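J.: need a structure here:
(one chain, ligands or ions: 1)
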Amino acid sequence: MFSQEKKIQLQKHKTPFYFYDFGLLQKTLSVINTESKKYNYHVHYAFKANTNLKIIEVVKNSGFGADCVSGNEVKCAIENGFKNSEIVFAGVGKSDDEINYALDQNIFCFNCESIQELEVINELANLKSKVAQIALRINPNVDAYTHKYITTGLEENKFGINPYEFETVIEKLKNLPHLKLIGLHFHIGSQITDLSPFKKLCTRVNEINNYFLNKGFDLPIINVGGGLGINYHEPDNEAIVDFEAYFKLFYDFIEIRKNQQLHFELGRSVVGNCGSLISRVLYIKNGINTNFAILDAGMTELIRPALYQAFHKIENISSIEEEIVKYDIVGPICESSDCFGKAVELPITKRGDFIAIRSAGAYGEVMSSKYNLRDDVRSVCF
Ligand SMILES: *Cc1c(COP(=O)(O)O)cnc(C)c1O
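T.: Sure thing, here's the model as predicted:
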């Protein structure tokens, strides 16, 4: 629950809007810095989690690099003060225009996801007489045990280069003089709350790192991606995830050589719990099992429940009622999947009440859409 003071402040704004708690964001960033610097690890912020310019500004000031998955994200990072030399660019479908732009900007590294992509970057770099720094994004076949839409490191997923392709890649690279292989990249999925998949990832990274060394590639960069999950059920009790345990796990289980640097790409765990979607109840309507509370925010503002059956804690921040009743919390959009939660226990809720949908800082505002010709979503930070 928010403090009384915060609740009053939030009720002064026109809904729906995203509220970002900058105090919590600063604290989270400072914990990440403290814990990662113990081991000299490098952290990139995964832009796709949230590109609200006010958030990006704070993240940049904390000294993070940028992990981008589109040309426009690379552009956004550069325009907002991230150093070109600290930008990495991943994605299975980089277009020629995006690659050309990133080449012109001399970004730090392309994380390459297929053999054909290596050939295309080589060709485009050749036309510019440049040498592009690349890392191979490898599919380590590690199950992240997360929702199937956000698992990325299994053989059946579209991401990365599979180990059975390594021989071909190594042969290919000999004839691609406009590429310089500098590292290995991994990213197994998102919202991983049990650390054991990361432990398995370390084992796979060690094997693959040794394999490349034996083939004559002593690579300076090992990038293990992101994916650390947050506590959607208790956003107040565990507002900041256990970064100490996370970074220590890598320290304990990954075998990197003295000349190698370990990189991370964190998105959700940086911004997820700092954001809430604030909405008002438009109508209360009787249903067969539970009543509906119809909000002025819907899947056009926050699509995670509709897209991944994601759970978000929902609170009534204006009711002073004591009696608890169950509501299906739904939005105004013409889709049955436009539902934030079923049988949610709230104090008696009325038209005009303010509802907070918590932990919406990551993959929330960035995924908002204009479906039903909705207004652009606003944000408030304090
Ligand atoms: C999305 C993504 C991340 C960040 O994932 P989180 O779960 O938000 O930490 C990191 N690296 C790559 C390549 C990604 O696509």
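
J.: the spatially closest residue to Phe64 that is not a sequence neighbour sits in which helix or strand?
T.: Distances taken as Cβ to Cβ, 6 or more residues apart in numbering place Tyr45 nearest to Phe64, at 4.4 Å, with adjacent residues excluded. For every residue, glycine as well, the C-beta is placed using N, CA and C. Per DSSP states H and E, Tyr45 falls inside strand 42-46.

J.: average pLDDT across that strand?
T.: On average, the pLDDT along strand 42-46 is 98.

J.: residues contacting that strand, please?
T.: 32-33, 36, 56, 59, 64-67, 69, 86, 88, 226, 261-268, 270 (Cβ atoms under 8 Å, 6 or more residues apart in numbering).

J.: who in the stretch 101-250 of the chain is up against the ligand?
T.: Taking Cβ under 6 Å from any ligand atom as the contact definition, the stretch 101-250 of the chain meets the ligand at His187, Ser190, Gly225, Gly226, Gly227, Leu228.

J.: what residues sit buried inside stretch 179-194?
T.: Neighbour-count burial for stretch 179-194, counted by 16 or more other Cβ atoms under 10 Å, picks out 179, 181-192.

J.: what does the average pLDDT come to for it?
T.: 96.

J.: now find how far off-centre that stretch is within its chain.
T.: Taking Cα atoms, centre = their mean, to the nearest Å, the mean C-alpha location of stretch 179-194 is offset from the chain mean by 13 Å.

J.: can you give me the end-to-end span of that stretch?
T.: 37 Å (Cα to Cα, to the nearest Å).

J.: just checking: what are the partner strands of the top strand by length along the chain?
T.: Assignment by DSSP state E gives strand 275-285 as the longest strand of the chain. Applying DSSP bridges, strand 275-285 is found paired with strand 17-20 (antiparallel), strand 291-295 (antiparallel), strand 354-357 (antiparallel).

J.: wait, does that strand make contact with the ligand?
T.: No: taking Cβ under 6 Å from any ligand atom as the criterion, strand 275-285 and the ligand are apart, separated by no less than 13.0 Å.

J.: what residues does that strand touch?
T.: So strand 275-285 is contacted by 10, 13, 15-21, 50, 291-297, 301-302, 317, 327, 332, 349-362, 364-365, 380 (Cβ under 8 Å, 6+ apart).

J.: if you set the cut-off to 6 Å instead, what comes out?
T.: The contact list for strand 275-285 (Cβ atoms under 6 Å, 6 or more residues apart in numbering) reads 10, 15-20, 291-297, 301-302, 349, 351, 353-358, 360-361, 364.

J.: returning to what we had before: what's downstream of the strand holding Tyr45, the next helix or strand?
T.: Where DSSP H and E defines the elements, the next helix or strand beyond strand 42-46 is helix 53-61.

J.: rewinding a little: possible to save the buried residues of stretch 179-194 as JSON lines with distance to Asn286 and secondary structure?
T.: Shown next, in JSON lines, are those (distance: Cβ to Cβ, whole Å; DSSP: H, G, I helix; E, B strand; the rest coil):
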{"residue": "Leu179", "distance to Asn286": "64", "secondary structure": "strand"}
{"residue": "Leu181", "distance to Asn286": "63", "secondary structure": "strand"}
{"residue": "Ile182", "distance to Asn286": "62", "secondary structure": "strand"}
{"residue": "Gly183", "distance to Asn286": "59", "secondary structure": "strand"}
{"residue": "Leu184", "distance to Asn286": "57", "secondary structure": "strand"}
{"residue": "His185", "distance to Asn286": "53", "secondary structure": "strand"}
{"residue": "Phe186", "distance to Asn286": "51", "secondary structure": "coil"}
{"residue": "His187", "distance to Asn286": "46", "secondary structure": "coil"}
{"residue": "Ile188", "distance to Asn286": "45", "secondary structure": "coil"}
{"residue": "Gly189", "distance to Asn286": "41", "secondary structure": "strand"}
{"residue": "Ser190", "distance to Asn286": "38", "secondary structure": "coil"}
{"residue": "Gln191", "distance to Asn286": "35", "secondary structure": "coil"}
{"residue": "Ile192", "distance to Asn286": "40", "secondary structure": "strand"}
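
J.: hmm, back to that, so which two of the residues of the stretch 101-250 of the chain next to the ligand are the farthest from each other?
T.: Longest distance between any two of these is 11.4 Å, between His187 and Leu228; criterion Cβ to Cβ.
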